[in-house]
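Colleague: Only the shape, not the letters, is given here:
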């Protein structure tokens, strides 16, 4: 199993642990490999939620110091398209980041107001084991829900 497949499994396990504490979802279905998001979940109110997951090496304190959390442009575009096409059908999207100190930073897409484009961010790619310069969108951590 390569690094990317392994991380997909870690992310889904972390989502199940999160749900064991928060009880948000009645079902969690991982998406197909190479999809733009990681899971489709259903809430108690039968609301469909599309979720992108990230397990981070950083702590909540580090993210609070930086004030933002990055998301890849293609993932933001995909989830924005889901919101535009399906919002009237009782859908929403979440971007959940699991921090190294056990916190969950949750962005609810219909609540996000501040998004800043960053065209040249230095990113450590663990799967390729090298630094890369990539474009990202920065989400304001002040708009996120934070859970232990």
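Modeller: Looks like it arrived, so ask away. From a predicted model like this one, the values you see are computed outputs, not experimental measurements. Residues are numbered from 1 along each chain as shown.
Colleague: Walking through the protein, point out its strands one by one.
Modeller: Applying DSSP state E to the chain gives strands spanning 25-30, 39-43, 48-55, 68-71, 91-98, 104-108, 115-125, 130-140, 145-147.
Colleague: can you redo those strands as JSON lines with mean pLDDT, distance to residue 8 and mean neighbour count?
Modeller: Quick note: C-beta positions are derived from backbone N, CA and C, even for glycine. Written out in JSON lines, the entries for those read as follows (pLDDT from 0 to 100; distance: least, C-beta to C-beta, whole Å; neighbours: other C-beta atoms under 10 Å):
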{"stretch": "strand 25-30", "mean pLDDT": "98", "distance to residue 8": "7", "mean neighbour count": "15"}
{"stretch": "strand 39-43", "mean pLDDT": "96", "distance to residue 8": "10", "mean neighbour count": "18"}
{"stretch": "strand 48-55", "mean pLDDT": "95", "distance to residue 8": "8", "mean neighbour count": "20"}
{"stretch": "strand 68-71", "mean pLDDT": "97", "distance to residue 8": "17", "mean neighbour count": "20"}
{"stretch": "strand 91-98", "mean pLDDT": "94", "distance to residue 8": "13", "mean neighbour count": "22"}
{"stretch": "strand 104-108", "mean pLDDT": "97", "distance to residue 8": "17", "mean neighbour count": "20"}
{"stretch": "strand 115-125", "mean pLDDT": "95", "distance to residue 8": "16", "mean neighbour count": "11"}
{"stretch": "strand 130-140", "mean pLDDT": "97", "distance to residue 8": "19", "mean neighbour count": "15"}
{"stretch": "strand 145-147", "mean pLDDT": "98", "distance to residue 8": "21", "mean neighbour count": "14"}
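Colleague: Out of the ones you listed, which is closest to residue 19?
Modeller: Ranking those by proximity to residue 19 (C-beta to C-beta) places strand 25-30 first, at 5.1 Å.
Colleague: quick check: angle from that closest one to strand 39-43?
Modeller: Put simply, strand 25-30 runs at 170 degrees to strand 39-43, going by axes from the mean of the first three to the mean of the last three C-alpha atoms, to 10 degrees.
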